[in-house]
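*Asks:* task: produce atomic coordinates for the following.
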Amino acid sequence: MNKVSRNEGTSLSVIVPYAYRKGDSDSPVRLRRALSCFAHGPRCEVILLEAGSSLPLELDDLLGELESARYVRVPPQKVFSPGMSRNQAVAASSGEWLLFWDADLVARPEFMDTIPGFLATLSRIGPHAFCMFPCLWLTPSGTNVYSHDDVDYLRSFMTGHNHLVDGVALSTCCLLVSRAHFDALGGFDERFSGHGGEDFDLVHRLACHYSAGPRPDDYYVNEKSFFAGNYLGFRSYFARYSLGHLLAGHCVLHQWHKRPVNTYTRKHQGNDDLLYQSMREYDARLSAFKKKTGLHDITSGDVWASQPYSDAVKVIQQDYGWPVKTFPGLFEYAEGVRVRGRGVRKLKKLFREPGKFMSDSRVLGWCLKQRDIAWKHWR
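*Replies:* Here you go, the predicted model:
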């Protein structure tokens with residue numbers, strides 16, 4: 001790995017891990033789009049770390065266009081570990097601040113223009129402060145029209161439509177954090193490999209030192225919800241750090257691609273178990289947890305502490321000019337919107353989390369209905 005001196009480069013390093021998946025011929029195209037986000041705007045160092053295969057030749061010219069870019073190649077991993085790759089890329093970087101960026105992420109040019117302001121705010125708050133930026137998951141159609149300047153992804157999503165945006169993630173790995181604090185926390189936990197877990201684990205540790213108010217009673221509940229306005233557990237707590245960014249338009253976009261069914265995705269359940277264990281263990285070790293640096297500069301601690309999560313989301317939406325009656329996207333689809341892929345998601349849940357699948361009475365009812373239909377057809 002190529003190491004660089006800590007006193008070289010710029011104050012911001014963008015960390016981009018990449019691993020080519022066999023059969024995913026579009027991934028270099030998505031990566032090119034991701035790297036293009038840093039060709040303009042504030043000066044930054046871009047670290048592209050590639051695990052395994054060599055860099056596609058068509059990206060050489062793009063790296064040359066970036067003012068400060070470094071390509072680092074490391075040996076392939078048996079099962080790709082995003083956390084390990086990000087740690088390796090950080091070791092090759094020189095910035096005082098880190099912005100974590102995945103190879104499938106893109107953003108509007110104005111997003112990078114906001115980063116210097118966020119850096120100034122974080123510096124003023126203190127060394128433990130961080131930003132977490134929400135992510136809109138694009139549909140195939142939304143990905144295809146990405147380069148069109150007139151596409152308003154956020155408004156389309158907030159109105160409850162799904163032709164451009166399939167959903168939102170308020171808790172993401174798109175983090176802006178000081179390098180010193182990241183190093184002090186030990187970086188990403190490399191015990192996580194495959195899909196999921198490592199980003200939640202890091203956000204948990206970051207949040208321990210930069211409070212967004214009191215934790216909810218169900219903090220350790222690891223329950224997914226398709227609509228962010230209905231989050232439970234630590235997801236509802238982490239949302240406090242990013243909801244304001246979403247409603248202010250400071251969000252990133254995830255380009256659509258086919259989800260591989262391989263060892264990487266099959267690690268999901270094991271990573272969920274490790275996440276629960278890791279969060280508990282860190283809290284048990286951290287006697288200094290009560291040493292806090294104040295509330296996040298975007299969210300309102302009073303709103304979060306005084307009412308249930310969903311109600312607080314509605315209040316904050318209203319404050320940002322997104323009344324739920326007109327913009328229900330965080331809670332439900334707009335009337336008449338056709339929901340795609342619901343059956344596929346249910347089947348994935350059956351294979352990945354059979355216990356949760358069977359405990360969901362609505363899912364069980366759906367299965368019984370499908371059984372009856374199949375039985376009638378067979379007879």
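*Asks:* separation between residue 197 and residue 126?
*Replies:* Counting by CB to CB, to the nearest Å, the gap from residue 197 to residue 126 is 28 Å. C-betas here are computed from N, CA, C, even on glycine.
*Asks:* same question, residue 151
*Replies:* 37 Å.
*Asks:* between these two, point out the one with more neighbours.
*Replies:* Neighbours were tallied for residue 151 and for residue 126 using other CB atoms under 10 Å; the higher tally belongs to residue 151 (16 against 13).
*Asks:* and the helix or strand containing residue 253, how far out from the chain middle?
*Replies:* Per DSSP states H and E, residue 253 falls inside strand 252-254. Distance, stretch centre to chain centre, for strand 252-254: 9 Å (CA atoms, centre = their mean, to the nearest Å).
*Asks:* partners of it in the sheet?
*Replies:* Using DSSP bridges, the strands paired with strand 252-254 are strand 105-106 (antiparallel), strand 135-138 (parallel).
*Asks:* could I get those as CSV with distance to residue 21?
*Replies:* As requested, the strands paired with strand 252-254 are exported to CSV (distance: least, CB to CB, whole Å):
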stretch, distance to residue 21
strand 105-106, 16
strand 135-138, 18
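*Asks:* quick one: closest of the ones you listed to residue 272.
*Replies:* strand 135-138 (19.5 Å; CB to CB).
*Asks:* which residues in this structure form strands?
*Replies:* Secondary structure of the chain by DSSP state E: the strands cover 12-18, 45-51, 68-74, 97-100, 105-106, 130-132, 135-138, 165-169, 175-178, 252-254.
*Asks:* deepest-packed of the strands paired with strand 252-254, please.
*Replies:* Comparing those by mean neighbour count (mean count of other CB atoms under 10 Å), strand 135-138 comes out on top with a mean of 22.
*Asks:* export stretch 246-256 to CSV, keeping only CA atoms.
*Replies:* Presented in CSV, the C-alpha positions along stretch 246-256 are these (Å, rounded to 0.1, in the frame of the first residue of the first chain):
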residue,chain,number,x,y,z
LEU,A,246,-32.4,15.5,4.7
LEU,A,247,-35.0,18.2,5.1
ALA,A,248,-32.5,20.9,4.2
GLY,A,249,-31.6,19.0,1.0
HIS,A,250,-28.1,17.9,2.2
CYS,A,251,-28.3,14.3,1.1
VAL,A,252,-26.6,11.8,-1.1
LEU,A,253,-28.0,9.5,-3.7
HIS,A,254,-27.4,5.7,-4.1
GLN,A,255,-27.3,4.5,-7.7
TRP,A,256,-29.4,1.5,-8.3
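*Asks:* now do that stretch: distance to the chain's middle.
*Replies:* With CA atoms, centre = their mean, you get 10 Å for stretch 246-256.
*Asks:* got the buried residues for it?
*Replies:* 246, 247, 250, 251, 252, 253, 254, 255, 256 (16 or more other CB atoms under 10 Å).
*Asks:* taking the residues you listed together, which two end up most distant?
*Replies:* 247 and 256 (23.5 Å).
*Asks:* the residue nearest to residue 141 when sequence neighbours are not counted: neighbour count?
*Replies:* Among residues not flanking residue 141 along the chain, residue 163 sits closest, at 5.9 Å (CB to CB, 6 or more residues apart in numbering). By other CB under 10 Å, 12 other residues sit near residue 163.
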